[in-house]
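[1] Turn this into a model:
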Amino acid sequence: MINNSIIQSRQLRPAADKSQSLVLTPLQDMKGFLFHHLGSFLLFLVTCSSVLAVFLIFFFVIREAVPFIKNHDLAEFLTSKKWYPEADTPKFGALSLILGSLYVTIAALIFAVPTGILAAIFLSDIVSLKVRDLVKPVIEILAAIPSVAYGFFAVLVLAPWMQTKWGFTTGTNALNASIILSIMALPTIISVAEDSISAVGRELREASYALGATRFETIFKVVIPAAHSGIIAAIVLGMMRAIGETMVVWMASGNANQIPSPWWDLSQSVRTMTATIAGDMGETPKDSPHYWSLFAIGVVLLVMTFLLNIISEYFLASAKRKMGKS
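    Numbering: from 1, shown residues only. Sure thing, here's the model as predicted:
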């Protein structure tokens, strides 16, 4: 009797609820049809809203820049170093601003790329999984720190230290901004590069070890070449993070409208496109040539970031195709 009761209590319940009919009524079928298409339509609207926002931003910036493009020489705007928008005879030469942005961005990448790739290799192939799960979130927290906090650190800590230890005439210079930008770009570079390196898979690593290669040879001759598309995408995304930054370069670069001479001297102050837009927009009369010129700089910045985004998407797609084949 006891065994029978145990067996009866352990009987499996039916997989389907027999109380519910397998044949839907016309009303139930209509409800399912409406909810399915309504949900798909709402998801489509949410997806299109971001695309629409991007197009509206492009439309607004280009619309405000059109009067400047019509009334001024675009070649002079891109090749002249004379940026005097408030002079009696205004000069709108943005070359020094464009080169200033490239100066701090390229210098930041020189600092951030080797550090970021080595850190990604360290997290993916050297440390244990427990250490990786502990270290990687800490690195990604760097991306959550407000840029104005980085700017205060650059002005109040790094700038006086550079003047005292290195004898610079000013601590707010291209080198200061580049160091801070490299720190801000590290989370992006490390995260994307580490994901690409980890996605290479154990097969290539084990095959390399089976052929007698050391860990160093496996990492630098097998793993990194296999993950090069994702690593390049990480570098491009880090460059986009640096070239679009505003607060740090506004506070730490010195805002001097000049091209460093000699060109490699990062101890001199520079001025970037983003800092110019942020610094001048609030004090510029609307619908003035100076106002329109700021939007023209914004168009140049949008084109540069758009091209970098296309490049990063190309390499990310290439990395995904390789991961799919593997």
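[2] I'd like to know how far residue 75 sits from residue 69.
    As defined by Cβ to Cβ, to the nearest Å, residue 75 lies at a distance of 11 Å from residue 69. All C-beta spots, glycine's among them, are computed from the backbone N, C-alpha and C.
[3] Let me see the mean pLDDT of stretch 116-126.
    This predicted structure assigns stretch 116-126 an average pLDDT of 91.
[4] how long is that stretch from one end to the other?
    By Cα to Cα, to the nearest Å, the extent of stretch 116-126 from end to end equals 15 Å.
[5] which residues sit against that stretch?
    If you take Cβ atoms under 8 Å, 6 or more residues apart in numbering as the criterion, stretch 116-126 is touched by 132, 135-136, 139, 185-186, 189-190, 193-194, 197-198, 205, 215, 219, 223-224, 231, 234, 238.
[6] Can you pull out the low-pLDDT segments for the chain?
    Along the chain, the model assigns pLDDT under 70 to residues 1-24, 319-320, 322-326.
[7] how about the strands in it?
    Here the chain has its strands, by DSSP state E, at 83-84, 91-92.
[8] now for the last one, which elements pack on it?
    Pointing back at strand 91-92 there. Counting by 3 or more Cβ pairs under 8 Å, 6 or more residues apart in numbering; DSSP states H and E, the packing neighbours recorded for strand 91-92 are strand 83-84, helix 289-325.
[9] Could you rerun that using 7 Å?
    Helices and strands touching strand 91-92, as assessed by 3 or more Cβ pairs under 7 Å, 6 or more residues apart in numbering; DSSP states H and E, comprise strand 83-84.
[10] next one: the strand it packs on to chain centre, how far?
    30 Å (Cα atoms, centre = their mean, to the nearest Å).
[11] Each with direction, which strands does that strand pair with?
    strand 91-92 (antiparallel) (DSSP bridges).
[12] how about the helices in the stretch 51-200 of the chain?
    In the stretch 51-200 of the chain, the segments counted as helices under DSSP state H, counting those that start in this stretch are 74-79, 95-121, 129-141, 147-153, 159-166, 174-198.
[13] Give me the contacts around the third one.
    Under the criterion Cβ atoms under 7 Å, 6 or more residues apart in numbering, residues 123, 186-187, 190-191 lie in contact with helix 129-141.
[14] got it, and the fourth one?
    Outside helix 147-153, the residues within contact range by Cβ under 7 Å, 6+ apart are 180, 184, 245, 247-248, 251-252.
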